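> need a structure here:
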Amino acid sequence: MGRRFWISALAVAALSVALPVLGTWARKQRLPQCALDGVAIVPIYAVEVVARGEPTHRFCCIRCAEYWLEKESPDSAVVNVTDEVTGKPVDSADAYFVSSAVVTNAVTENHVHAFADRADAEQHAAQFRGRLLLDKERPFH
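Modelled structure (predicted):
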């Protein structure tokens, strides 16, 4: 067995170690992950729950945040949703919510969308066969 054989064997061994490591690195999610289910958080659907004395919990959709709040029920939690038009955070008490045909998270089948402006919410509802959520239908009431 000559020198060429050993060089080739060493190259194959190095590739067999390097390729799985490179594959794992390439598949890593670049977006933050949901505190409930680990799904990547798409910025326009992000929800943050800030509870006194606890770190901020970030979620991928409204439904994940609701599930977490039901389970954890922190005292005096403030829930900030993301306005889907501007991408800016909005206190959930001031937001308008629409249930529409558009799914934001396939895992939870979330159909609820958040908007800072009522006109934007009504436009989304009209465009995507949705309806404005009022009173007790609203998330985080």
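> Contacts only, for the spatially most central residue of the chain.
Centroid-nearest residue in the chain: residue 60, 1.8 Å away (criterion: CA atoms, centre = their mean). For residue 60, the contact set (CB atoms under 8 Å, 6 or more residues apart in numbering) comprises 33-34, 36-37, 39-42, 45-47, 104-105. The way it works is simple: take the backbone N, C-alpha and C, and place the C-beta from them, glycine included.
> Can you tell me how far it is from residue 31?
Residue 60 is 9 Å from residue 31, where distance means CB to CB, to the nearest Å.
> try residue 133
27 Å.
> between those two, who's got more neighbours?
Neighbour count, other CB atoms under 10 Å: between residue 133 and residue 31, residue 133 has more, with 18 against 12.
> what's that one in contact with, if anything?
Going by CB under 8 Å, 6+ apart, residue 133 touches 97-99, 112, 139.
> Which member of these is positioned nearest residue 15?
residue 112 (47.6 Å; CB to CB).
> how about the longest helix belonging to the chain: buried residues?
Longest helix in the chain, counting residues (DSSP state H): helix 3-27. For helix 3-27, the neighbour count (16 or more other CB atoms under 10 Å) marks no residue as buried.
> likewise stretch 119-126?
Neighbour-count burial for stretch 119-126 flags 120-122, 124-125 (criterion: 16+ other CB under 10 Å).
> Return the subset of the residues you listed lying in helices.
Residues of those located in helices (DSSP H): 120-122, 124-125.
> Could you count how many residues lie near residue 47?
28.
> Mind listing the residues bridging to it?
With DSSP bridges as the criterion, residue 47 is bridged to residue 59, residue 81.
> I'd assumed residue 63 was in contact with it.
No - applying CB atoms under 8 Å as the test, residue 47 and residue 63 come out as separate, 9.2 Å apart.
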